[in-house]
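Student: Sequence plus the predicted model coming up.
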Amino acid sequence: MVNIKKTLTALEKKFWEADINKDANFYRKHTTNNSFAVGPLGIVNKKKILKAISSNPQKLLNFKIHNPSFVSFNNHTAFLIYKASGTTLNNSKKSRFSVLATSMYIKFNGRWLAAFHQQTPFK
């Protein structure tokens with residue numbers, strides 16, 4: 001049996017790396033059609049997420065995922081809950097951040113796809 005926690009943690013890291021690379025195509029391929037997120041940009045749907053990835057003037061420089069926890073309700077729905085920290089660059093100013101994050105994944109046609117992501121600032 002595949003370790004779902006490891007699989008989803010690795011996929012979550014790839015989402016953060018896609019942010020660093022401003023790779024909206026990764027998001028397009030690895031999210032559900034009706035996915036949405038809640039965070040600094042408000043409540044946004046997939047269309048707005050894709051636009052924000054490529055046009056956001058703030059650049060993610062680095063990140064770290066701390067102590068991911070995993071909750072599954074069945075073989076096709078799972079949540080990854082963790083703390084993340086890192087550095088961003090906005091208007092030549094570096095800032096450190098720390099957030100509590102939750103991502104909900106749905107297994108669809110044998111692939112895990114992100115359906116929901118939430119970030120809450122944390123100190």
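Tutor: Nice, I can see it.
Student: can you give me the strands for the protein?
Tutor: Per DSSP state E, the chain carries strands over the ranges 31-39, 42-45, 59-74, 77-90, 93-108, 111-121.
Student: got JSON lines for those strands, with distance to residue 7 too?
Tutor: The way it works is simple: take the backbone N, C-alpha and C, and place the C-beta from them, glycine included. Formatted as JSON lines, the strands of the chain follow (distance: least, C-beta to C-beta, whole Å):
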{"stretch": "strand 31-39", "distance to residue 7": "16"}
{"stretch": "strand 42-45", "distance to residue 7": "25"}
{"stretch": "strand 59-74", "distance to residue 7": "10"}
{"stretch": "strand 77-90", "distance to residue 7": "9"}
{"stretch": "strand 93-108", "distance to residue 7": "9"}
{"stretch": "strand 111-121", "distance to residue 7": "6"}
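Student: Out of the ones you listed, which gets nearest to residue 5?
Tutor: Closest to residue 5 of those is strand 59-74 (C-beta to C-beta; 3.9 Å).
Student: one step back: can you check which of the strands of the chain gets nearest to residue 13?
Tutor: Smallest distance to residue 13 across the strands of the chain (C-beta to C-beta): 6.3 Å, for strand 59-74.
Student: Out of the strands of the chain, which is closest to residue 11?
Tutor: Closest of these to residue 11 is strand 111-121, at 6.0 Å (criterion: C-beta to C-beta).
Student: Enumerate every residue touching residue 43.
Tutor: By C-beta atoms under 8 Å, 6 or more residues apart in numbering, the residues touching residue 43 are 36, 37.
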